[in-house]
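# Just the structure for this:
(one chain, ligands or ions: 1)
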Amino acid sequence: MTSLYVHVPFCPTLCPYCDFHVVRRGPGWVEAYLKRLREEAALLHARYPHPLKTLYLGGGTPSYLRDRELVALFQALPWSLAEGAEVTLEANPGTLNPARLRLLKELGVNRLSLGVQSFQEGVLRFLGRAHGRKGALRAVEMALEAGFRVSLDLILGLPMQEVEKDLKEAASLGVGHVSAYTLQVEEGTPFALLGLKEDPEREAWTMERAEAILGEAGLERYEVSNFARKGEEAQHNLVYWRAGFWLALGPAATGQYPGEGPAYALRRTNPPLPRWLAGEAPKEEAISPLEHAKESLMLGLRLKEGVNLAEVEARSGLSLFPLLRGKAQELAEAGLLQLEGTRLRPTPKTFSLLHPVILALWEALEDHAGPG
Ligand code: SF4
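Residues are numbered from 1 along each chain as shown. Alright, predicted model coming up:
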């Protein structure tokens with residue numbers, strides 16, 4: 001247990017496509033949040049005191065907190081950091097300035113995940129973002145100058161967006177990491193109510209262009225939506241994609257802990273802010289060895305490195321290879337998987353057909369082991 005996610009739910013404006021747990025700050029809310037966070041962190045630390053290799057402050061917009069609030073947040077976390085630990089903070093471009101960046105450095109942050117989304121004014125307005133093109137460019141420049149590892153978030157494939165222009169701009173800035181997502185229209189968000197629709201064909205073209213343009217600049221597609229220079233991969237997110245364990249704090253945050261008895265893992269999800277502040281316990285879900293194997297396939301095939309079935313077998317206690325061999329060979333013959341020893345890897349075709357590939361492997365598992 002050497003990774004910790006902290007959810008900071010506050011945002012200056014609520015973007016119309018967002019379905020994260022976010023709120024605008026009301027009087028006294030941040031103080032109450034910090035107090036509860038301190039209590040929750042002390043309890044979790046008593047049980048899992050190991051130095052952290054990755055710490056991720058996400059949200060929400062953690063950088064929207066005021067200086068003294070950020071200091072209090074870091075003081076609320078009793079863990080020490082392992083040597084070379086990755087400490088990421090999600091930030092909106094408008095919340096950064098040189099003094100703020102100095103403070104973040106002093107607090108131990110060494111990686112910024114910048115919610116840029118686009119460099120085009122029309123797209124940023126459409127997305128309801130608080131920053132414009134100039135603000136986005138300035139934030140990236142300042143963060144790089146201050147010596148942070150920088151990851152850019154992009155949203156691609158909007159109706160009025162010149163996708164290749166945004167990709168070329170992102171590729172030219174010298175950042176080490178880009179997360180590029182196509183617009184997902186989540187049920188209940190204002191975009192869904194406006195009748196916006198996802199377009200799978202355009203999404204596939206968009207991600208192919210992202211792979212080509214970012215790849216030319218040395219940012220390799222190491223996960224279906226993530227691109228990095230060598231050594232700049234998001235270590236914290238790799239814990240999720242490798243179906244590992246991590247601690248979590250804050251409202252609506254989900255952590256995954258070693259299971260007890262027949263459960264391989266225990267997933268704990270905190271309630272939303274008001275109930276979390278009132279001290280309500282997290283919801284617990286036991287993850288069976290078979291569920292863990294299915295999740296390992298689903299997440300592992302998002303990664304270029306793929307998934308090592310021998311490792312999943314060792315963790316879950318299930319004999320996967322005999323169950324999956326036939327289906328994996330069939331998919332490999334269709335060019336949708338690579339089989340290298342005990343490792344299953346995606347091919348260039350897999351990323352655009354990830355769901356059917358995963359479903360086919362899951363069915364092969366369930367045929368033998370039964371659902372669940
Ligand atoms: S800034 Fe990010 S977390 Fe906040 S509302 Fe917008 S998309 Fe959601």
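# any idea how far H21 is from the nearest residue to L273 once chain neighbours are set aside?
With C-beta to C-beta, 6 or more residues apart in numbering as the criterion, L273 has its nearest non-adjacent residue at 4.2 Å, and that residue is P251. C-beta coordinates here come from the backbone N, C-alpha and C atoms, glycine included. Per C-beta to C-beta, to the nearest Å, P251 is found 6 Å from H21.
# repeat for R36
When distance is defined by C-beta to C-beta, R36 is 15 Å away from H21.
# now do K53
25 Å.
# Next, the residue in the stretch 201-350 of the chain that the ligand sits nearest to: phi, psi?
At 11.6 Å from the ligand, A252 is the closest residue in the stretch 201-350 of the chain, using C-beta to the nearest ligand atom. Main-chain torsions, A252, degrees, to the nearest 10: phi 60, psi 10.
# so it makes contact with R268?
No - under the criterion of C-beta atoms under 8 Å, A252 makes no contact with R268, lying 11.5 Å away.
# Comparing those two, which residue is more hemmed in?
The neighbour comparison of A252 against R268 (other C-beta atoms under 10 Å) goes to A252, with 20 against 17.
# In what element of secondary structure is the closest residue to the more buried one other than its chain neighbours found?
The shortest distance from A252 to any non-neighbouring residue, by C-beta to C-beta, 6+ apart, is to H21 (3.5 Å). Using DSSP states H and E, H21 sits within no helix or strand.
# With L247 instead?
With DSSP H and E as the test, L247 turns up in strand 247-249.
# Need the mean per-residue confidence for that strand.
Throughout strand 247-249, pLDDT has a mean value of 98.
# Residues contacting that strand, please?
1, 3-7, 37, 40-41, 44, 48, 77, 254-255, 257, 268, 270 (C-beta atoms under 8 Å, 6 or more residues apart in numbering).
# now do 10 Å
1-8, 36-38, 40-41, 43-45, 47-48, 50, 52, 55-57, 76-77, 79, 253-257, 267-270, 276, 282 (C-beta atoms under 10 Å, 6 or more residues apart in numbering).
# Filter those down to the ones in strands?
Using DSSP state E, the members of the contacts of strand 247-249 that fall in strands are 3-8, 52, 55-57, 254-257, 267-269.
# Separate out the buried members of these.
The neighbour count (16 or more other C-beta atoms under 10 Å) marks 3-8, 52, 55-57, 254-257, 267-268 as buried among those.
# Which residues belonging to stretch 292-308 are considered buried?
The neighbour-count check on stretch 292-308 (16+ other C-beta under 10 Å) flags 292-304, 306-308 as buried.
# and if you look at stretch 8-22?
By neighbour count with 16+ other C-beta under 10 Å, stretch 8-22 contains the buried residues 8-11, 15, 17-18, 21-22.
# Let me know the helix or strand that the residue of the stretch 151-300 of the chain found nearest the ligand is in.
The stretch 151-300 of the chain approaches the ligand most closely through D153 (8.5 Å), counting by C-beta to the nearest ligand atom. Secondary-structure element containing D153, defined by DSSP H and E: strand 149-156.
# Quick check: nearest residue in space to P346, chain neighbours excluded?
Once flanking residues are discounted, P346 sits nearest to L301: 5.4 Å by C-beta to C-beta, 6+ apart.
# for the one you found, what are its contacts?
By C-beta under 10 Å, 6+ apart, L301 lies in contact with 224, 241, 307, 336-337, 344-346, 350-351, 354, 357-358, 361.
# Just to be sure, which of those are found in strands?
307, 344-345.
# which one among those gets closest to V109?
Of all the ones in strands among the contacts of L301, V109 sits closest to V307, with 31.0 Å by C-beta to C-beta.
# Show me what that closest one is bridged to.
L344 (DSSP bridges).
# Return the nearest residue of the stretch 101-250 of the chain with respect to the ligand.
The minimum distance from the stretch 101-250 of the chain to the ligand, using C-beta to the nearest ligand atom, falls at G115 (5.4 Å).
# so where's the chain uncertain?
Within the chain, the segments meeting pLDDT under 70 span 368-372.
# show me where it has helices.
Applying DSSP state H to the chain gives helices spanning 29-47, 67-75, 98-107, 121-126, 133-145, 163-172, 190-193, 200-216, 235-241, 273-277, 289-300, 309-316, 320-333, 354-369.
# Could you report the distance from the residue nearest to L77 when sequence neighbours are not counted to the ligand?
Among residues not flanking L77 along the chain, A41 sits closest, at 5.4 Å (C-beta to C-beta, 6+ apart). A41 is 22 Å from the ligand, where distance means C-beta to the nearest ligand atom, to the nearest Å.
# what's the burial count for A41?
Neighbour count for A41, taken as other C-beta under 10 Å: 21.
# Okay, it and P274: tell me how far apart.
Using C-beta to C-beta, A41 is found at 20 Å from P274.
# cool, A253 as well?
For A253, the distance to P274 - C-beta to C-beta - is 15 Å.
# So if I had to pick from these two, which one is more boxed in?
A253 (24 against 12).
# Who is the closest residue to that one other than its chain neighbours paired with across the strands?
Closest residue in space to A253, ignoring its immediate chain neighbours: H7 at 4.0 Å, by C-beta to C-beta, 6+ apart. Beta-bridge pairing for H7 (DSSP bridges): G58.
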